[in-house]
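>>> Sequence and computational prediction follow.
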Amino acid sequence: MTAPHPYRDEAAAYAAWRAWADGLQLAGDPAGPLVLLGDLALWLTDTTEGERPAAVQRLADALERAAPPLFIAQPGAPAAPADAESFGYWTPAALAAARADARHLAPAVRRKALGYYDRARAVAPGLPAVLQLLRTEWAAYGHSLTPPPAAAVFAWGALPGRGLALRAADVPALGLPVGSVTINAAGLAEIAAFLGRCHRLGREHFTPAMLRAWAADAEFQLSEGNTPTIEIKSWDALSGHTEAHTVSAAGLSWEPPAA
């Protein structure tokens, strides 16, 4: 009887991922609280109840659209901004070097590694490289949290020994149904200013509870996959026509899914 493939055991793979990810330092100045890309992919898969490769593609699309700054988190060190050199693995020279190194591996591993590198394509360093790897490697190994060693580069958001992350504050801009997004104090101030400019009753009419009710409308729009936009109907607007305001990213706060 053949032993089960270790990467097909989702429970064991998830436990291994959490043990690895929990060892990373995800809060570092100036980044603030961070969230791993691998966690976002997992949570998105759970939320949409779909296949992980589809969730990975959706995450890559969101990253490409929003282009948030990325950070490197690793055990025992503060998080650091990820610059172009952080993603240089896929430059032509580095890919050629990896292929050369693979030729010194044991025969069985060498065949697998060379096959992997032969399929790989060099890309420019930076976010495009990350997105290409997310779309190919994460999707190709969508049944597991940890690809086989020959494909371990960027394994679930990791450079060797390191994790790719983004600021928790930048997650709302991705527009993903992951965790909870709320209107914070800055967002409430935006709403109050908007009402003061555009509502016929003026700013002083609106109590804190009323402002929170307007914020709840924006949060509902977010939960439906829309922008956090509120509207003043034409009959209540000073202008006589409908007025709208979309709360900025600075006015949104994000909380990860409950464990």
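Sure, I can see it. What you are looking at is a predicted structure, and each value in this text was computed from that prediction instead of being measured. Residues are numbered from 1 along each chain as shown.
>>> Helices along the stretch 151-259 of the chain, start to end?
If DSSP state H, counting those that start in this stretch is used as the criterion, the helices of the stretch 151-259 of the chain fall at 185-198, 208-223.
>>> want to try a markdown table for the ones you listed, with distance to Ala55, mean pLDDT and mean neighbour count as columns?
Any C-beta I mention is one placed from the backbone N, CA and C, and that applies to glycine too. Output for the helices of the stretch 151-259 of the chain, formatted as a markdown table (distance: least, C-beta to C-beta, whole Å; pLDDT from 0 to 100; neighbours: other C-beta atoms under 10 Å):
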| stretch | distance to Ala55 | mean pLDDT | mean neighbour count |
| --- | --- | --- | --- |
| helix 185-198 | 27 | 96 | 17 |
| helix 208-223 | 18 | 92 | 16 |
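>>> Could you export the ones you listed as TSV, including distance to Leu24?
Shown next, in TSV, are the helices of the stretch 151-259 of the chain (distance: least, C-beta to C-beta, whole Å):
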stretch	distance to Leu24
helix 185-198	28
helix 208-223	28
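>>> To Ala237, which of those helices lies closest?
Of all the helices of the stretch 151-259 of the chain, helix 185-198 sits nearest to Ala237, with 5.6 Å by C-beta to C-beta.
>>> then that closest one to CSV, C-alphas only?
Extracted C-alpha coordinates of helix 185-198, given in CSV (Å, rounded to 0.1, in the frame of the first residue of the first chain):
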residue,chain,number,x,y,z
ALA,A,185,-12.4,57.4,12.8
ALA,A,186,-10.8,59.0,9.7
GLY,A,187,-13.6,57.5,7.6
LEU,A,188,-16.2,58.9,9.9
ALA,A,189,-14.5,62.3,9.6
GLU,A,190,-14.7,62.0,5.8
ILE,A,191,-18.4,61.2,6.0
ALA,A,192,-19.1,64.1,8.4
ALA,A,193,-17.2,66.5,6.1
PHE,A,194,-19.2,65.2,3.0
LEU,A,195,-22.5,65.7,4.8
GLY,A,196,-21.4,69.2,5.9
ARG,A,197,-20.6,70.1,2.3
CYS,A,198,-23.5,68.5,0.5
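>>> Need the contact partners of it.
183, 201-203, 206, 211-212, 214-215, 218, 228, 230, 232, 237-239, 243, 245, 247-248, 250-252 (C-beta atoms under 8 Å, 6 or more residues apart in numbering).
>>> quick one, it and helix 208-223 angle?
If you take axes from the mean of the first three to the mean of the last three C-alpha atoms, to 10 degrees, helix 185-198 sits at 110 degrees to helix 208-223.
>>> one step back: the contacts of helix 185-198 in strands, which ones?
Ile183, Ile230, Ile232, Glu243, His245, Leu252 (DSSP state E).
>>> I'd like those written out as JSON lines, with pLDDT and distance to Arg119 added.
As requested, those are arranged in JSON lines below (pLDDT from 0 to 100; distance: C-beta to C-beta, whole Å):
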{"residue": "Ile183", "pLDDT": "94", "distance to Arg119": "45"}
{"residue": "Ile230", "pLDDT": "96", "distance to Arg119": "48"}
{"residue": "Ile232", "pLDDT": "96", "distance to Arg119": "55"}
{"residue": "Glu243", "pLDDT": "96", "distance to Arg119": "53"}
{"residue": "His245", "pLDDT": "96", "distance to Arg119": "48"}
{"residue": "Leu252", "pLDDT": "89", "distance to Arg119": "39"}
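>>> got a winner among the residues you listed for most neighbours?
Within the ones in strands among the contacts of helix 185-198, most neighbours by other C-beta atoms under 10 Å means Ile183, with 25 neighbours.
>>> Find the least confident helix or strand in this protein, judged by mean pLDDT.
Sorting the helices and strands of the chain by mean pLDDT, DSSP states H and E puts strand 158-159 at the bottom, at a mean of 48.
>>> can you list the ones in strands among the contacts of helix 185-198 in CSV and add distance to Arg135?
As requested, the ones in strands among the contacts of helix 185-198 are exported to CSV (distance: C-beta to C-beta, whole Å):
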residue, distance to Arg135
Ile183, 33
Ile230, 35
Ile232, 41
Glu243, 40
His245, 35
Leu252, 27
